[in-house]
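1. just the structure for this:
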Amino acid sequence: MNRFKVSKFRHTEARPPRKEAWINDIRAGAASSYGNHIKSSCSLIVFNTDQPGTLGIVPLESQDRNKKNVAYLGCHSDLVTDFDFSPFDDHLLVTGSADRMVKLWRLPATATDQDLPSAPGVVLGPEDCQVELLKFHPTSDTVLVSTSDKVVKVWDLALKHTLTELGSHSDQVQSVAWSSNGVLLGTSCKDKHLRVFDPRTKPTASQSTQGHENHKDSQLVWTNSQEHLLSTGLNQMREHEVKLWDTRCFASALTSFTLHTSPGSLIPLLDADSGLLILGGKGENLVYCYEVSLPQAAFTQVNQCVLETKCRGMALAPRRALTVMACEVLRVLQLSESAIVPVSYVVPRKSVEFHEDLFSDAAGSVPATSAHAWWAGDNQQVQRVSLNPARRPHASFTSHLIPTELSSPAATQLQEVPVGDTDPSEGSFSSPPSSLTSPSTPSSLGRSLSSTSGIGTSPSQRSLQSLLGPSSKFRHAQGTVLHRDTHITNLKGLNLTTPGESDGFCANRLHVALPLLSTGGQVAVLELRKPGRLPDTALPTLQNGVAVTDLTWDPFDLYRLAVAGEDARIRLWRVPPEGLQEVMTMPEAILTGHTEKIYSLRFHPLASDVLASSSYDLTVRIWDLQEGLEKIRLQGHKDQIFSMAWSLDGQLLATVCKDGRVRIYDPRSSPEPIQEGPGPEGGRGARVVWVCDGRCLLVSGFDSRSERQLLLYGAGSLGGGPLAVLGLDVAPSTLLPSYDPDTGLVLLTGKGDTRVFVYELLPEAPFFLECNSFTSSDPHKGFAFLPKTECEVQHVEFARGLRLRQSSLEPVAFRLPRVKKEFFQDDVYPDTAVCWEPALSAAAWLGGANGQHRRLNLQPPGMTPVSEAPREAPTRRTLPSAVYLEEKSDQQKKEELLSAMVAKLGNREDPLPQDSFEGVDEDEWGPRSWRPSSKVTTIIRKPGSQSGTDSPTCRKLRPSGPWRHFRQPRDPYVQQACASAREEKSRATGASPFPRPLTRHSSIGARDSLGGSVTAPCASLNMIRIQWPLSTNGNLCM
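-> Here you go, the predicted model:
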């Protein structure tokens, strides 16, 4: 009979809220980890942000429904992989990270409280690998399980030591879950097996079975029964699969069902008390709700909900936080890229009361046992409490693990950020708001084990600097795509698959060189001074004969282009001053010497005719272009050379290699490196550039998880590892850095990216100061920057780039918003190096001479430096508070409204332009019958106004004044009536309705159908006064 029993949840509805109820503008992260990226207690919500090592915190319930305060807590020096709230203490949070540490934090009572800990209360680790998963015990507040690669550990948080270490895993652990009574522990592994442990009995699995056929992310959750658990994963067809297992018969699943095919992992959220199961895939907007029936071993679909945003993570609000009087049986928190969407699942009921059948007793907030007692065998369960508001206990539990006295106002790590107060950027390309602060960075390659400062925005510059350290004056930088008239469009046949070591294309202030996809290694050279649409016919090109691997313009010769090919040769081309008019097949010179294809080319920054090249033969060769010969050969590389860079003074050369090493050479003294240090862990590609006046090296690369990162090295201490490491995001392309030595800014982007990162670099902590980044709606195929002299100083433009799209080339201006743009911003534009003039010849540099560029002031003529601008006296821009507090009477409000209306209508007694016109001479008039002998003033009625000649506002006035004082009507209705009357008069008489002099002053009236009286509206009284000339016979002159 039970199988035919009707479910009480069959009518459950999913009710997504309106956008006003969302938690917006949160900038959630997209880190790849096994965690769900969002968790909730009865008071707070915590989620992953796009800043590595930083979590966002927001209240679960806000007093002000229209505005929520988001705070940011910097808790680790690397990516936060997972976190969990204590089931008993709503403000106790445990976090795990890629820095291999586990930390325990006590959060404030509300996200607006400033009393926060200066350090975590408990620190565990470091582990051998990054921490992947964390889970509190369901009956004890001091027992925690953590996973790291293949290792599962059970911790006693009170004593800060490991109770047991569970083995049996042959691959990475993907999920871990406690049974509801806290006796058993289940895991799912990348080796496709599900395991059940009894940690207090033995460290090996008591049961194991084949789970899902695909090794991609699988997750495990227990039901309210110790015998049953659920697992999600993928089958061989990459379809989402859900299985129900019985530990008493663990060889096969009791039942299962499949959903759709999807690349993202499936997140299961099970409310064990109600048996409702929520399923949502990462990267999808479809959420399923099923009811799990254990006696029948069946899944019954309740509903499915399509949300507006795509899911990056999901969590359930605790049952004690539900609005039970509204019959809310579940609340799902969906984390998207820029918002948290709370979705309520409600069972419709007519009466507003507590329904006992929907809400069984829930687990209370007081732990049942301690870690020591549990490890000794105590299985006491947590006392259950009623969810009825009338009988619900109000006492809350505070864990003794972290005393509340550790919170210190002076060492605040959390700061309020009002959501929704940021100004939206205009246009289709926008610069998203920046966090305005530098993320915490470790002091060496090994991950920092100390706590890090938080990240947030401050209401004032002074509080920002006092709390979070220095901020960049470029933090509000804005990137803008210039007008379409400056674009070069109709690009065809571009080669978008150049090697990763190449920038893809290059540009100087006159030309841009683009490799083409056609055979023969063709390179198109376009004139930047001639924007517009290119012809559909083939363009004249440079024929290299082999595929192009890299190309670069000579900084001292705007018409010389160096092109490297797969045949291990370097070709030097000279573009005619008038531009490329025909196909060129013979280069100016060819350099031979490398035995394998060439990676990259770099001209010397000071000496003319000096070029460095790197090749697959693992050498770097320096050429004298005047002689066309190799002069220096650098050795010591053991694998592919990713990138090389000259120092700003041209004395040293730095390289980064696939063997994971960064090297510095003094080419004129030794072919071997003078310094060597550890580089990026990943082998997918890297770039190196000298920064901070040559005192530091910046390397962009990948870590072991393919996350893009920046490493900052001291040029004199390369062997000690990086001074700072900054993780950015996960993307396949290498970040290409462009450094401006005048401002200390580095702009980074990759091929196929939609974002350009902007950071100000410092040689000391905090090392990185983040600025607003530039984002576009579609990915660019490449990005190149022009010399500083191409910037418009009048618009405070500090960088000018070229954005290569699929079929167009767009200039992008990076500007700094300033109030006094009429002044020269000398704090933004220091004297810049004249980098287009050589300081040395090739022979002089090879002979050991050094030099430096002369400096140029960018101040335009006629502009005054802002540092010399006169200071304005401060003025009060707001009215005194008494003005706003004064209560006005209704009569005063009416008078103010009437005065405003009268002021808007204008003064009726103001003279019109016609009042100053002169009259006409006697001989200028036409026939005598048309000469005016008198004038009549009439009142013209507007259609729809009061009718009848008895109206007090409609009366005929006697003629007065000379003809030259007529008034032209202001109302367009009168002008239209005049035009109609003139046309009718002209058709009746066959003559012009006005003499020539009158047409000069324009016509002024129309004939009324009632005996010559004319009516028209007035500006303020629906009427207007018009004066008319009369002919000698008394007729109205038209």
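2. which helix or strand contains residue 96?
-> For residue 96, the host element (DSSP states H and E) is strand 92-97.
3. strands paired with that strand, and their directions?
-> strand 80-85 (antiparallel), strand 102-106 (antiparallel) (DSSP bridges).
4. output the last one in CSV with nothing but the alpha carbons.
-> This means strand 102-106. Taking Å, rounded to 0.1, in the frame of the first residue of the first chain, the C-alpha atoms of strand 102-106 are listed here in CSV:
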residue,chain,number,x,y,z
VAL,A,102,43.6,24.5,7.0
LYS,A,103,42.4,27.5,9.0
LEU,A,104,39.5,28.0,11.5
TRP,A,105,37.9,31.4,11.7
ARG,A,106,35.3,33.1,13.9
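5. average pLDDT for it?
-> Taken as a whole, strand 102-106 has an average pLDDT of 90.
6. residue 185 versus residue 755, what's the distance?
-> Distance from residue 755 to residue 185, counting by CB to CB, to the nearest Å: 42 Å. C-betas here are computed from N, CA, C, even on glycine.
7. for the closest residue to residue 104 other than its chain neighbours, what are its contacts?
-> Closest residue in space to residue 104, ignoring its immediate chain neighbours: residue 122 at 3.7 Å, by CB to CB, 6 or more residues apart in numbering. Residues near residue 122 by CB atoms under 8 Å, 6 or more residues apart in numbering: 103, 104, 157, 160, 401, 402.
8. A helix includes the last one, no?
-> When you say that, I think you mean residue 402. No: assessed with DSSP: H, G, I helix; E, B strand; the rest coil, residue 402 is coil; it does not lie in a helix.
9. ok, it to residue 84 distance?
-> Applying CB to CB to residue 402 and residue 84 gives a distance of 15 Å.
10. that older thread, ok, and what's touching the strand holding residue 96?
-> Taking CB under 8 Å, 6+ apart as the rule, strand 92-97 contacts 46, 53, 55, 75-86, 102-107, 130-134, 136, 141, 144, 146, 399, 401-402.
11. now list the buried members of these.
-> Applying 16 or more other CB atoms under 10 Å to these, the neighbour count classes 46, 53, 55, 75-86, 102-107, 130-134, 136, 141, 144, 146, 399, 401-402 as buried.
12. returning to what we had before: tabulate the strands paired with strand 92-97 (TSV), appending distance to residue 580.
-> Shown next, in TSV, are those (distance: least, CB to CB, whole Å):
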stretch	distance to residue 580
strand 80-85	53
strand 102-106	61
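13. how about the ones you listed, which one is nearest residue 198?
-> Closest to residue 198 of the strands paired with strand 92-97 is strand 80-85 (CB to CB; 21.7 Å).
14. show me where the stretch 801-950 of the chain has strands.
-> Applying DSSP state E, counting those that start in this stretch to the stretch 801-950 of the chain gives strands spanning 808-815, 832-833, 855-856, 934-941.
15. what's the third one packed up against?
-> Pointing back at strand 855-856 there. Under the contact criterion of 3 or more CB pairs under 8 Å, 6 or more residues apart in numbering; DSSP states H and E, strand 855-856 touches strand 832-833.
16. partners of the strand it packs on in the sheet?
-> Checking strand 832-833 against DSSP bridges gives partners strand 855-856 (antiparallel).
17. gap between the partner strand and the chain center?
-> Distance of strand 855-856 from its chain centroid, counting by CA atoms, centre = their mean, to the nearest Å, is 36 Å.
18. who's in contact with that strand?
-> 789, 831, 832, 833, 834.
19. swap in 6 Å and give it another go.
-> 831, 832, 834 (CB atoms under 6 Å, 6 or more residues apart in numbering).
20. cool, and stretch 325-334?
-> Under CB under 6 Å, 6+ apart, the answer for stretch 325-334 is 38, 40, 271, 274, 276, 278, 311, 314-315, 317, 322, 340-347, 349, 358.
21. so which of these are in strands?
-> Secondary structure assignment by DSSP state E places 38, 40, 271, 276, 278, 314-315, 340-346 of the contacts of stretch 325-334 in strands.
22. quick revisit: tell me which of the strands paired with strand 92-97 approaches residue 865 most closely.
-> So among the strands paired with strand 92-97, strand 80-85 is nearest, using CB to CB, at 45.7 Å.
23. just the CA coordinates for the closest one, please, in CSV.
-> Extracted C-alpha coordinates of strand 80-85, given in CSV (Å, rounded to 0.1, in the frame of the first residue of the first chain):
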residue,chain,number,x,y,z
VAL,A,80,40.4,28.7,-1.4
THR,A,81,39.4,25.2,-2.5
ASP,A,82,36.7,24.4,0.1
PHE,A,83,35.2,25.7,3.3
ASP,A,84,32.4,24.6,5.7
PHE,A,85,30.3,26.0,8.5
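24. how distant is that strand from the center of its chain?
-> Taking mean C-alpha positions (CA atoms, centre = their mean), strand 80-85 and its chain are 23 Å apart.
25. what's in contact with that strand?
-> Taking CB under 6 Å, 6+ apart as the rule, strand 80-85 contacts 33, 35, 39, 41, 55, 93-98, 131-136.
26. again, only using 8 Å
-> Contacting residues not belonging to strand 80-85 are listed as 31, 33-35, 39-41, 44, 46, 48, 52-55, 92-98, 130-136 [CB under 8 Å, 6+ apart].
27. count of neighbours near residue 19?
-> As a burial measure, residue 19 scores 11 neighbours (other CB atoms under 10 Å).
28. ok, it - contacts?
-> residue 308.
29. try it again with 10 Å
-> 308, 309, 339, 341 (CB atoms under 10 Å, 6 or more residues apart in numbering).
30. the first one sits in which helix or strand?
-> Take DSSP H and E as the rule and residue 308 turns out to sit in neither a helix nor a strand.
31. what's the neighbour count on it?
-> Neighbour tally, residue 308, other CB under 10 Å: 12.
32. got the phi/psi numbers for the nearest residue to it once chain neighbours are set aside?
-> Nearest non-adjacent residue to residue 308, counting by CB to CB, 6+ apart: residue 285, 7.0 Å away. Phi and psi for residue 285, reported as degrees, to the nearest 10, are phi -120, psi 10.
33. now do residue 285 against residue 683, distance only.
-> 36 Å.
34. next one: residue 17
-> 46 Å.
35. can you check residue 527 too?
-> Distance from residue 527 to residue 683, by CB to CB: 40 Å.
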